[in-house]
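> predicted model and sequence below, questions to follow.
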Amino acid sequence: MRHALTLHDVIMAGIALAAGLAAALVFRVILRWLAERARRTKWEGDDIIVDILRTFVPWGAVAAGLAGAAAALPLTGSVGNTVNEVLTALVILNATLTAARVIGGLVRSVAQSRSGVAGSATIFVNITRIAVLAMGFLIILQTFGISIAPLLTALGVGGLAIALALKDTLANLFAGVHILVSRTVQPGDYIRLTSGEEGYVVDINWRNTVVEALSNNLIIIPNAKLAGTNMTNFSRPQQKLSVTVQVGVAYDSDLEHVEQVTNEVVESVMKDVPGAVPDHEPAVRFHTFGDSRIGFTVVLGVGEYSDKYRIKHEFIKRLHQRYRAEGIRIPAPARTVSLEQTAEGVIPHPRTPLDALADRPGVTG
């Protein structure tokens with residue numbers, strides 16, 4: 001039977017509330033100390049356990065103090081039931097937020113361990129947190145006596161209308177999940193689209209993919225477009241790649257000497273320039289009798305795509321300097337025009353250095 005409120009009831013309620021707050025502070029200090037000890041161990045499980053306790057226990061102690069204070073007061077039956085329901089809902093909300101945080105952290109850790117970059121987990125973490133929070137919300141409604149069956153039915157019926165209204169957003173969402181699950185693109189990869197956009201993938205979220213260009217500008221690409229276009233990933237299956245440089249020398253050059261000198265320059269660049277591949281085997285391949293030169297390709301080894309600019313820059317400088325020292329000419333395009341006098345007038349005949357070489361004694365066409 002309910003009695004009138006007395007000073008003793010107020011004191012007991014205050015003591016219960018103060019005890020709950022004091023316990024929360026004590027637990028917070030103890031758990032902070034445990035967290036520092038857990039970071040020093042190699043096992044990650046103790047970090048997760050302490051993280052759960054740090055989030056849930058202090059607020060649980062506060063809720064227990066509030067429940068004790070409510071029990072000490074002479075509340076009516078309806079008010080007491082309402083207070084109990086509210087406290088239960090607060091405990092469930094605390095547990096839901098804790099679970100969303102911890103499970104999201106686990107998802108992030110798994111994604112990071114597989115891709116090496118934490119940013120790849122953004123879309124999975126968001127989906128996981130939304131799912132956990134939605135479950136907690138439904139449990140809270142059930143706690144207040146609200147039937148969730150009609151709500152689930154309404155959500156199922158309304159889901160079609162929402163899906164039609166948000167078809168572009170959902171397309172980007174599922175495209176982002178498909179990209180990450182298929183592992184065709186991961187944060188940290190250098191990609192180039194057929195439309196011309198290129199750069200390092202920074203993050204793949206629920207709507208778009210963020211790419212950072214070499215100019216430090218961000219390019220925002222919808223996931224659906226990224227999944228439906230032709231793309232070159234310069235980081236997969238491995239980051240190392242080969243870069244070619246086109247060179248040409250004069251027809252009177254000693255090609256054996258040219259190849260030897262070029263290989264020596266390639267070896268020096270591979271050993272000295274940061275970002276090059278030290279164990280790369282030099283490759284020089286002659287391929288063209290041009291109008292003014294013999295063309296060939298030099299293959300360089302690059303650690304990752306963005307290093308190719310610095311390596312090509314240094315290679316061209318060193319090769320030009322070495323060719324000058326060795327007397328190897330890199331001729332500019334030239335064309336000789338001979339004039340032939342006929343009855344109709346003068347007829348010009350363009351001649352290339354290759355034609356002049358063929359006219360030398362002992363050289364046949």
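All right, it came through fine.
> how about the strands in the protein?
190-193, 198-204, 208-212, 218-222, 231-233, 241-249, 283-289, 294-302, 336-342, 345-351 (DSSP state E).
> nearest to residue 91, of these?
Of all those, strand 198-204 sits nearest to residue 91, with 34.8 Å by CB to CB. From N, CA and C alone the C-beta is placed, and that goes for glycine too.
> got the domain boundaries for the protein?
7-168, 169-233, 241-326, 335-365 (automatic domain parsing).
> what about the helices in the stretch 1-150 of the chain?
For the stretch 1-150 of the chain, helices defined by DSSP state H, counting those that start in this stretch occupy the ranges 7-39, 45-72, 77-115, 122-143, 149-165.
> indicate which one of these is closest to residue 210.
Using CB to CB, the helices of the stretch 1-150 of the chain put helix 122-143 closest to residue 210, at 9.7 Å.
> helix 77-115 and the closest one, what's the angle between them?
Here the directions of helix 122-143 and helix 77-115 differ by 160 degrees (axes from the mean of the first three to the mean of the last three CA atoms, to 10 degrees).
> show me what helix 122-143 is packed against.
Other helices and strands packing on helix 122-143, by 3 or more CB pairs under 8 Å, 6 or more residues apart in numbering; DSSP states H and E, are helix 77-115, helix 167-182, strand 198-204.
> picking up where we left off before, mind giving me JSON lines with the strands of the chain and columns for distance to residue 326?
Listed next are the strands of the chain as JSON lines, based on distance: least, CB to CB, whole Å:
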{"stretch": "strand 190-193", "distance to residue 326": "36"}
{"stretch": "strand 198-204", "distance to residue 326": "37"}
{"stretch": "strand 208-212", "distance to residue 326": "42"}
{"stretch": "strand 218-222", "distance to residue 326": "44"}
{"stretch": "strand 231-233", "distance to residue 326": "37"}
{"stretch": "strand 241-249", "distance to residue 326": "11"}
{"stretch": "strand 283-289", "distance to residue 326": "15"}
{"stretch": "strand 294-302", "distance to residue 326": "16"}
{"stretch": "strand 336-342", "distance to residue 326": "27"}
{"stretch": "strand 345-351", "distance to residue 326": "28"}
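> can I get those in JSON lines including mean pLDDT?
Putting the strands of the chain into JSON lines (pLDDT from 0 to 100) gives the following:
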{"stretch": "strand 190-193", "mean pLDDT": "90"}
{"stretch": "strand 198-204", "mean pLDDT": "87"}
{"stretch": "strand 208-212", "mean pLDDT": "88"}
{"stretch": "strand 218-222", "mean pLDDT": "90"}
{"stretch": "strand 231-233", "mean pLDDT": "87"}
{"stretch": "strand 241-249", "mean pLDDT": "92"}
{"stretch": "strand 283-289", "mean pLDDT": "93"}
{"stretch": "strand 294-302", "mean pLDDT": "93"}
{"stretch": "strand 336-342", "mean pLDDT": "65"}
{"stretch": "strand 345-351", "mean pLDDT": "57"}
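> how far away is the residue nearest the centre of the chain from residue 70?
For the chain, residue 187 is the residue whose C-alpha lies nearest the centre (CA atoms, centre = their mean; 1.6 Å). Residue 187 sits 49 Å away from residue 70, going by CB to CB, to the nearest Å.
> show me the contacts for the residue nearest to residue 54 when sequence neighbours are not counted.
Closest residue to residue 54 apart from its sequence neighbours, by CB to CB, 6 or more residues apart in numbering: residue 31 at 4.5 Å. For residue 31, the contacting residues are 50, 53-54, 57-58, by CB atoms under 8 Å, 6 or more residues apart in numbering.
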